[in-house]
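S.K.: give me coordinates for this.
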Amino acid sequence: MARKSKGFSELIHQEQDYGKAADKSYKRLRQKVNKTVGKDYSENMVMNPQGVAKMSEILQAFVEPYKETAHDFTEVEGLLGLAVLAWNIALIPKKNRQEAMDSMLPQLTAEMDQNDKADLQSLIQELIERKDRYFSDCKRFITSFDLQPQKDSYFLSVASSLEE
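M.R.: The predicted model follows:
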């Protein structure tokens, strides 16, 4: 009987670690969705439906140009939070977007000075434009996400609507 290589063994452990992280993240995500959107939605969540692009991969591609600005877990989580906000605003008809921004910004900027507020609003606007330009075909609303630290990187789970 042939021996398994050390590399193969490490790959198996990585896959097991990935599976454990996915299960843990999915459970946390389901709890978040239950709290924010409601039990009906969380009970009907489906993990990685067949034939549907993974929203976590789409969100990672969406923030790709900005990933170097986030240096630690908290900053990555904050960047993803802003990206989700911008993504969802971009799904609103253009004539209603400013109203949505105006209703959400005070909660985000309460502790910021004017320059930081302007920078944040500019970043959100830039992300909205990126969504419109490069991801316009994806009409899925993001309800929540969960980010888990994992050795040298992070594991991201995303809950979203399915396209009609």
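
S.K.: I'd like to know which elements the helix or strand containing Glu99 is packed against.
M.R.: Here Glu99, judged by DSSP states H and E, is contained in helix 94-109. With contacts defined as 3 or more CB pairs under 8 Å, 6 or more residues apart in numbering; DSSP states H and E, helix 94-109 has these neighbours: helix 73-90, helix 114-134. Every residue, glycine included, has its C-beta placed from N, CA and C.

S.K.: quick one: buried residues of it?
M.R.: Buried residues in helix 94-109, defined by neighbour count with 16 or more other CB atoms under 10 Å: Arg97, Ala100, Met101, Leu105, Leu108, Thr109.

S.K.: so what touches stretch 110-125?
M.R.: With contacts defined as CB atoms under 8 Å, 6 or more residues apart in numbering, stretch 110-125 is touched by Leu82, Leu85, Ala86, Ile89, Met101, Leu105, Leu108, Thr109.

S.K.: list the residues that contact the closest residue to Ala53 other than its chain neighbours.
M.R.: Spatially, and ignoring its direct neighbours in sequence, Ala53 is nearest to Cys138 (7.6 Å; CB to CB, 6 or more residues apart in numbering). With contact set as CB under 8 Å, 6+ apart, Cys138 has these partners: Ala53, Ile58, Glu163.

S.K.: distance check, Val76 against Leu156.
M.R.: Distance of Val76 to Leu156, computed by CB to CB, to the nearest Å: 9 Å.

S.K.: who has more neighbours, these two?
M.R.: Per other CB atoms under 10 Å, whichever of Val76 and Leu156 has more neighbours is Leu156, with 22 against 19.

S.K.: for the helix or strand containing the more buried one, packing partners?
M.R.: Here Leu156 sits within strand 153-160, counting by DSSP H and E. Here strand 153-160 touches helix 6-36, helix 55-63, helix 73-90, strand 142-150, going by 3+ CB pairs under 8 Å, 6+ apart.
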